[in-house]
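*Asks:* Sequence plus predicted model, see below.
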Amino acid sequence: MRRLLASELLRFRSRRLVVVLLGASLGGSLVGATIAAVQSTRPTDAVRAAALARAEQGFRECMNTDYGYEEFDGSQEEICRENAGNPAFFMPSHLALAELPDILEGISSLTSVLGLVIGASVVASSWQTGTIGTILTWEPRRLRWLSARMFVVGLGVFAITMVIVAFLSSALAIAAALRGSTLLGDGWWTDVVATSLRVAAIAGVAALIGGAVAAVGRHTAAALGVVFVYTAVLEGLVRAFRPLWSPWLLGDNIVSFVAWRTTEFGVVSGSYVLSPGRAAFVIVGYAALALALAFTFVRIRDVQ
Amino acid sequence: MAAVIEVEGLRKRYRRFRKPPTVALDRLDLSVPEGGVFGFLGPNGAGKTTTIRCLLGLVSASAGSMRLLGADVPGGLAGVIRGIGSIVEAPALFPRFSGRRNLEILARIDGIANGTVDAALDRVGLAARAGDMVRTYSLGMKQRLGIAAALLKDPALLILDEPANGLDPAGIVEVRGLLRSLGAEGRTVFVSSHILSEVQQMADRVAIVARGRLVATGSVHEVLSSGRTAGVVVRVADLEAGRRALEDAGIAARIDGDLLRAAIPPAEGERAARALADRALYPSLLQPDEGNLEQAFLELTGDDHEVGA
């Protein structure tokens, strides 16, 4: 298995698409950080002091007003500190490194698409070029071969995403140091690392799902089309007409997992809760189902 | 002599959407002995490539049994695949990778050193272009790269589907020599080809299939003589006069191009010579009619005479 993995890894990193997408992502990160730096104005001490004063005033007003806090989670002080007494609300728009976890959450959709494209392309290319026949005359155990490929695809996309996240974080940190704010709260590092890992994990899962669908359809475009139709059209219809089924939808669970927040949603017909732990199980379930289909199809279908 | 390929009652039926199924292989029996070059011939759609795909586990057989190097296929294939090099139809390689990178990826599956990759490239004459993308290769170069890939494992059995496809005459001669030398080294080279004259020149034994069934197998000599009347070929200046002279002497003869084919045993060729000389027709050629594989092939495959893969 080790040799098979080495072969698949060599093939993965030799793929031009992988190199091009990685290069484009790093280039895009650099451009994004540059734009953020150009548009940001470093807050002066006077601006900070004014924002702090306004936040304190907002906090005091909030504490003296009854908004019916018993209906919310948390104490009145916590709610007021978060919603009315946050100095960031009163600062002029600028690049704040403290918001990096939110930025990383924001790029998750892009890295997931990147993973999906790489996964679908790397797996389907063997059928599109006909090399599947050549590979199977070297390793006829199809499930073993597909396991190796899926492992390399999933892990490869996870690693690529971590590189992109690390590069983007570094670029934004430099931009924030030069033209923004580097004031960090408690637990920032933990938050950044955990968010990065979740973003990379979702990209890896997207690659596995893309690869699995490609193994069934044997074509990159077909695989991407199927995933797009499912996530954008089918899940959209379910959300619109059967909102209470949303806790079982892939898209909603990915959002919940990446944000790592428990959220309760109220709809006309009732309410539902999305929690990150449950979301992880649902996402793994989707990936397992896709992989099971892929392994079944690859095992039984003839290779022409 | 032990058989390296054994096929018994192999049947492959393809189901088709809203159409009756097609039978690609219809209880095919085949036995390929160890060592030497074995030619596998048949017209288009005869089932040659399907047989090879079944043997390599790429398509599942509907019925029958197969053994490669003594192992059951497909169950035991993984145990013997290390000893089998193959090309199925056109060699399929990644067009945007270099020739060397394609071979390196395959070599890693078996832990084969990069030095072996270079040696294989050198053996097929691709060392100078090894770093170029495969999509820039000619068909013949791709074919040679496919052969290099098949040789990487230093296989005891080579299964090659149309290995001379796309090669220029010099390349064909080169591949013929290469396959002959591989066969002479004690390996078994199983070659499917539509270039019958090529197979005749390099194969020790042949099998001919038609409509998914075996119609003849044996040494080239045995297959050449199967189902054919022994005779002699004669060349004279006036073919029609020569034919009449032979028939008047009780020898059935027919004109075939610029030759006369006379239906008498070669040992009695003197009779034909005398009959012609009596009419002042002096043959410039008189020799046993050994025929060629192409004729035998056409006779054996009957209506399926479109020669192809």
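*Replies:* Everything's here; your move. Numbers count the residues shown, from 1 in each chain, chains lettered A, B, ... in the order given.
*Asks:* tell me which residues of stretch A:168-181 are tucked away?
*Replies:* A:168-169, A:171-173, A:175-176, A:179-181 (16 or more other Cβ atoms under 10 Å in any protein chain shown). C-beta: built from backbone N, CA, C; applies to glycine.
*Asks:* chain center to it, what's the gap?
*Replies:* Computed by Cα atoms, centre = their mean, to the nearest Å, the chain-centroid distance of stretch A:168-181 equals 21 Å.
*Asks:* Kindly export it (C-alpha atoms) in CSV.
*Replies:* Written as CSV, here are the backbone C-alpha positions of stretch A:168-181 (Å, rounded to 0.1, in the frame of the first residue of the first chain):
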residue,chain,number,x,y,z
LEU,A,168,-3.4,34.3,3.4
SER,A,169,-3.1,34.6,7.2
SER,A,170,0.5,35.7,6.9
ALA,A,171,-0.3,38.2,4.2
LEU,A,172,-3.2,39.7,6.2
ALA,A,173,-1.1,39.8,9.3
ILE,A,174,1.5,41.9,7.4
ALA,A,175,-1.2,44.1,5.9
ALA,A,176,-2.8,44.6,9.3
ALA,A,177,0.6,45.4,10.9
LEU,A,178,1.3,48.0,8.2
ARG,A,179,-2.2,49.6,7.8
GLY,A,180,-4.6,48.1,10.2
SER,A,181,-5.0,46.9,13.7
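*Asks:* Mean confidence (pLDDT) on that stretch, please.
*Replies:* Mean pLDDT, stretch A:168-181: 88.
*Asks:* go on, stretch B:271-284?
*Replies:* 89.
*Asks:* Run through who's touching it.
*Replies:* Stretch B:271-284 has contacts (Cβ atoms under 8 Å, 6 or more residues apart in numbering or on different chains) with B:232, B:234-238, B:241-242, B:245-246, B:248-249, B:251, B:262, B:264, B:286.
*Asks:* same check, this time on stretch A:177-190
*Replies:* Stretch A:177-190 is contacted by residues A:36-38, A:40-43, A:91, A:94-98, A:100-101, A:173, A:176 when judged by Cβ under 8 Å, 6+ apart.
*Asks:* circling back to that earlier point, looking at the buried residues of stretch A:168-181, which two lie furthest apart in space?
*Replies:* Using Cβ to Cβ, the buried residues of stretch A:168-181 span at most 17.6 Å, a distance reached by A:Leu168 and A:Ser181.
*Asks:* and the spatially closest residue to A:Leu291 that is not a sequence neighbour, how many neighbours?
*Replies:* Leaving aside its sequence neighbours, A:Leu291 sits nearest to A:Ala212 (Cβ to Cβ, 6 or more residues apart in numbering or on different chains; 5.0 Å). The local packing of A:Ala212 (other Cβ atoms under 10 Å in any protein chain shown) involves 30 other residues.
*Asks:* picking that back up, list only buried entries from the contacts of stretch B:271-284.
*Replies:* B:232, B:234, B:236, B:242, B:245-246, B:249, B:251, B:262, B:264, B:286.
*Asks:* which two in these are spaced the farthest apart?
*Replies:* Going by Cβ to Cβ, the pair spanning these furthest: B:Val236 and B:Ile264, at 15.5 Å.
*Asks:* hmm, back to that, so which two of the contacts of stretch B:271-284 are the farthest from each other?
*Replies:* Spatially, the most separated pair among those is B:Ala237 and B:Ile264, at 20.9 Å (Cβ to Cβ).
*Asks:* what about the helices in the chain?
*Replies:* All of this refers to chain A. A:2-14, A:16-39, A:45-63, A:76-83, A:100-128, A:131-136, A:142-179, A:188-217, A:220-228, A:235-241, A:250-259, A:276-300 (DSSP state H).
*Asks:* Chain B was what I was after
*Replies:* Under DSSP H, chain B gives helices at B:48-55, B:77-80, B:99-109, B:114-123, B:139-151, B:169-184, B:196-202, B:220-225, B:239-248, B:269-278, B:293-301.
*Asks:* And the ones you listed: which comes nearest B:Gly39?
*Replies:* helix B:196-202 (3.6 Å).
*Asks:* what is the rounded mean pLDDT of the closest one?
*Replies:* On average, helix B:196-202 scores 77.
*Asks:* Now do the buried residues in that helix.
*Replies:* Neighbour-count burial for helix B:196-202 flags B:196, B:198-202 (criterion: 16+ other Cβ under 10 Å).
*Asks:* what do you get for stretch B:206-219?
*Replies:* Those would be B:206-217, for stretch B:206-219 by 16+ other Cβ under 10 Å.
*Asks:* doesn't B:Ala253 make contact with B:Ala263?
*Replies:* Yes - contact criterion Cβ atoms under 8 Å: B:Ala263 and B:Ala253 qualify, at 7.0 Å.
*Asks:* Settle it for me: which of these two has more neighbours?
*Replies:* Each of B:Ala263 and B:Ala253 has its neighbours counted (other Cβ under 10 Å); B:Ala253 has more, 23 against 15.
*Asks:* List the beta-bridge partners for that one.
*Replies:* When assigned by DSSP bridges, B:Ala253 has beta-bridge partners B:Ala262.
*Asks:* burial of A:Pro247, as a residue count?
*Replies:* 17.
*Asks:* so how far is B:Tyr282 from it?
*Replies:* To B:Tyr282, A:Pro247 is 100 Å away according to Cβ to Cβ, to the nearest Å.
*Asks:* Likewise for B:Glu270?
*Replies:* B:Glu270 is 14 Å from B:Tyr282, by Cβ to Cβ.
*Asks:* What count of nearby residues applies to B:Leu30?
*Replies:* Using other Cβ under 10 Å, B:Leu30 has 20 other residues around it.
*Asks:* For it, give me the pLDDT.
*Replies:* Listed pLDDT for B:Leu30 reads 90.
*Asks:* Not counting its neighbours along the chain, what's nearest it?
*Replies:* Of all residues not flanking B:Leu30 in the chain, B:Val7 sits nearest, at 4.0 Å (Cβ to Cβ, 6+ apart).
*Asks:* cool, B:Leu69 as well?
*Replies:* In space, B:Leu69 is closest to B:Val80, 4.3 Å off (Cβ to Cβ, 6+ apart).
*Asks:* Surely the one you found touches B:Pro74?
*Replies:* No - counting by Cβ under 8 Å, B:Val80 does not reach B:Pro74; the two are 11.1 Å apart.
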